[in-house]
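Colleague: got a predicted model here, sequence first, then my questions.
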Amino acid sequence: MSRYSGFDKSRFGKFLAGKGFYGVLAACLVGAGAAAWVIADKTIHSITGAEENPTPSRQSSEEPGGLPSSRAAEQKTPGIAVSPSSPSAAFVSPSSQEASSPPPEPFEQPALLPESPTPSYIMPVADTVFNPYSGSELVKDETLDKWHTHKGMDIRAALGTPVRAVADGTVTHVGDDAMWGRVVEITHEDGSLSRCCGLAAETSVIEGDIVLAGDTVGLVGDTNLAEAALEPHLHFEFLQNGVPVDSLEAMGLLRIVED
């Protein structure tokens, strides 16, 4: 054994037994505290760094327009309104929105205009048409010995034969014409006008009378000087919009007469 062995052990034992033991213990505690501080500091730095630099997984949670998914959910949720100029959201109750909107106005079916009635026409006298409406074609006037258009139709009838209203209407004119003699005009419900010429002087109606189809308005006379050369007859005209037209065709009686 070395001669220093006893000396060293005895001195080390005395050191541990004395104040040296507490110094070593204090040094151990300081070292352990420093190690704990280093670990805590690294943990804090790792947490704060993660918040400052968001991970790709958090960025991918944003909507295509750059709006976080939580904000997008707020906009899509009913009752949430987000102001474009402010990031804050204000809750709007659906019931309050409905109350602020005016109630829809009731739909009203537009009134349909009544259609003009189509009268049922009859012949003014029941006999033969011997001189029809000529339209634009010129015909020979035996009385005046000239060619002109014939704006009405001549219906053979004996003197004194009753002349009937061809449809319901109102008597709008009763008078004498220098060429056509005694004339009675009736305006019908569809706006058309019938004109009976060459009647006897005494008529059965006056202006303003309401007549029905078949009512007698006068008698066949000899007052028609424009056609005095012809056999006794009734000169009858039919006008639509103030223009003379083919009486039989306009009244729907052409087929009946031809048959």
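Modeller: Thanks, I have it.

Colleague: below-threshold pLDDT in the stretch 1-150 of the chain: ranges please.
Modeller: Along the stretch 1-150 of the chain, the model assigns pLDDT under 70 to residues 1-117.

Colleague: if we ignore the residues flanking it in sequence, what's nearest Asn224?
Modeller: Using Cβ to Cβ, 6 or more residues apart in numbering and skipping the chain neighbours, the partner closest in space to Asn224 is Gly198 (3.0 Å). Bear in mind the C-beta positions are built from the backbone N, C-alpha and C, glycine included.

Colleague: the one you found reaches Glu227, doesn't it?
Modeller: Yes: assessed by Cβ atoms under 8 Å, Gly198 is found in contact with Glu227 at 7.3 Å.

Colleague: mind listing the shared neighbours of these two?
Modeller: Common neighbours of Gly198 and Glu227, counting by Cβ atoms under 8 Å, 6 or more residues apart in numbering, are His233, His235.

Colleague: neighbour-wise, which of these two wins?
Modeller: The neighbour comparison of Gly198 against Glu227 (other Cβ atoms under 10 Å) goes to Gly198, with 28 against 22.

Colleague: how close does the more buried one get to Gly218?
Modeller: Distance, Gly198 to Gly218, by Cβ to Cβ, to the nearest Å: 10 Å.

Colleague: now list whatever residues contact both of those two.
Modeller: Here Gly198 and Gly218 have Arg182 as joint contacts, going by Cβ under 8 Å, 6+ apart.

Colleague: now stretch 178-186: buried residues?
Modeller: For stretch 178-186, the neighbour count (16 or more other Cβ atoms under 10 Å) marks Trp180, Gly181, Arg182, Val183, Val184, Glu185, Ile186 as buried.

Colleague: would you mind giving those as a markdown table with pLDDT added?
Modeller: Compiled in a markdown table, those are given as follows (pLDDT from 0 to 100):
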| residue | pLDDT |
| --- | --- |
| Trp180 | 95 |
| Gly181 | 97 |
| Arg182 | 98 |
| Val183 | 98 |
| Val184 | 98 |
| Glu185 | 98 |
| Ile186 | 98 |
